[in-house]
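1. Below are the sequence and a predicted model for it; my questions follow.
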2 protein chains.
Amino acid sequence: MKITDRKTEIITVAAQLFKEKGYSAVTMRDIAQAMDIKAASLYNHIKSKQEILVLIVIEIAEEFTNTINEVVSSNETTIKKIERIIQLHIDITLRDANALACLNNDWMHLADAELTYFIKMREDYEENFRTIIKKGIADGEIKNLNLEVIIFSTLSTLRTLYLWYGKKKSPDPKVLKSNMIQVLLNGIVVD
Amino acid sequence: MKITDRKTEIITVAAQLFKEKGYSAVTMRDIAQAMDIKAASLYNHIKSKQEILVLIVIEIAEEFTNTINEVVSSNETTIKKIERIIQLHIDITLRDANALACLNNDWMHLADAELTYFIKMREDYEENFRTIIKKGIADGEIKNLNLEVIIFSTLSTLRTLYLWYGKKKSPDPKVLKSNMIQVLLNGIVVD
């Protein structure tokens, strides 16, 4: 997906508004106003609010998809694979928290083919993660615990990072990464 | 808060509808229709949609609050305290997943004093959890990692359990509990 600079600006402003007010409550007029341009100019670049949502959500979903596809087929250890997935979620959260909020809160407002495509990517992502953990268990790297508990404990932590990171008391990115890896992989209890 | 049987039924039906369509999209008429009664009868028991939301959200928030207040002031080990908090979230998820979805998605639609009260309870809950973890670190039970990473990794897993538990491949409640405790406390990697 190739995106012009003006489109990038529209997406950035819209993602912020969607996060604050929710997708349904935001109008194209609100977006134009926040950019200090006329609504008519906005339509020169983008044809609808739905197109903006597609650009925000699908762009990020594809980034997650491409990376996990690469990770799952690599020859690294399972632990290294999980570390790369943690890094992926942290990188996107630091770079684009508003877009992640939009993905989490508003994906269900996607229409037709894009909705189907998004749901497929989300399911494939979980299935790829499941494949990684299964191999880790088979190789004796990961504890033989219930797969769903492992997968959703890990993913829910990573998927909701954008909700709290950046508030006061948040660690810097380096501490975030090293501590997140420790907590998710080795737990919080002193042995 | 004392709740009559009829109110309990209203709350149950409304929580289901709020989860499916979102609080804003549901009308009192929808709720009456789903209960197969007249809207006028509904108003004999409850005065507004807002009152229903208060009953759902505040009820559960108070249950979380009361339990963590009791846990934080107990003389148990930190590990035992965290296990009780995990148990609390699992119990409420198993019993009342729709109400939890409503709490998570719709709390911001609370008004005035109830909104303030809810936010205070939520902040106090996190602060109590912080106190428990801090004591655990001081006592050498919990690893000396960044507090926010520990707290929000744990809470986000527990708070989003309702999103996936109950789908196919979910473990039974006993396995859920023991595996969740292991994953959150001791991690997923084989030592």
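-> Great, that's in hand. A quick note: this is a predicted structure, and the numbers were derived from the prediction, not measured.
2. contacting residues for the one residue in chain A that gets nearest to chain B?
-> Minimum separation of chain A from chain B (C-beta to the nearest C-beta) falls at A:G187, amounting to 3.3 Å. All C-beta atoms are positioned from the backbone trio N, CA, C, and that covers glycine. Shown here is A:G187, whose contacts under the criterion C-beta atoms under 8 Å, 6 or more residues apart in numbering or on different chains are B:V183, B:L184, B:L185, B:N186, B:G187, B:I188.
3. Now tabulate the residues you listed in CSV and tack on pLDDT and secondary structure.
-> Shown next, in CSV, are the contacts of A:G187 (pLDDT from 0 to 100; DSSP: H, G, I helix; E, B strand; the rest coil):
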residue, pLDDT, secondary structure
B:V183, 97, helix
B:L184, 98, helix
B:L185, 97, helix
B:N186, 97, helix
B:G187, 97, coil
B:I188, 97, coil
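4. A:E126 touches A:L155, doesn't it?
-> Yes: counting by C-beta atoms under 8 Å, A:E126 does reach A:L155; the two are 7.1 Å apart.
5. Comparing those two, which residue is more hemmed in?
-> Remark: of A:E126 and A:L155, A:L155 carries more neighbours, 19 against 16, as counted by other C-beta atoms under 10 Å in any protein chain shown.
6. tell me the SS of A:K169?
-> coil (DSSP: H, G, I helix; E, B strand; the rest coil).
7. how near is it to A:R84?
-> Going from A:K169 to A:R84 by C-beta to C-beta, to the nearest Å gives 27 Å.
8. what's the answer for A:I10, then?
-> Relative to A:R84, A:I10 is positioned 31 Å away (C-beta to C-beta).
9. Equivalent analysis for A:A25, please.
-> A:A25 is 37 Å from A:R84, by C-beta to C-beta.
10. Same question for A:K177.
-> For A:K177, the distance to A:R84 - C-beta to C-beta - is 11 Å.
11. ok, now A:N128?
-> Distance of A:N128 to A:R84, given as C-beta to C-beta: 12 Å.
12. Now list whatever residues contact both of those two.
-> Counting by C-beta under 8 Å, 6+ apart, the residues touching both A:N128 and A:R84 are A:V71.
13. and these two? which has more neighbours close in?
-> Neighbours per residue (other C-beta under 10 Å) separate A:N128 from A:R84, with A:N128 holding more: 20 against 16.
14. Counting by contacts, list what the strand or helix carrying that one packs against.
-> Here A:N128, judged by DSSP states H and E, is contained in helix A:112-138. Packing partners of helix A:112-138 (3 or more C-beta pairs under 8 Å, 6 or more residues apart in numbering or on different chains; DSSP states H and E): helix A:49-72, helix A:78-106, helix A:147-159.
15. low-scoring stretches of chain A, by residue?
-> Judged by pLDDT under 70, chain A has its weakly predicted residues at A:1-3.
16. Apply 80 and report the result again.
-> A:1-4 (pLDDT under 80).
17. where does it come near chain B, residue by residue?
-> Chain A comes close to chain B at residues A:79, A:133, A:140-143, A:145-150, A:152-154, A:156-157, A:159-161, A:163-164, A:167, A:169-171, A:175-176, A:179-180, A:182-191, as judged by C-beta under 8 Å from any C-beta of the partner chain.
18. Now the buried members of these.
-> A:79, A:133, A:141-143, A:145-150, A:152-154, A:156-157, A:159-161, A:163-164, A:171, A:176, A:179-180, A:182-189 (16 or more other C-beta atoms under 10 Å in any protein chain shown).
19. Would you mark the buried spots in stretch A:86-102?
-> Across stretch A:86-102, burial judged by 16+ other C-beta under 10 Å covers A:86, A:88-90, A:92-93, A:96-102.
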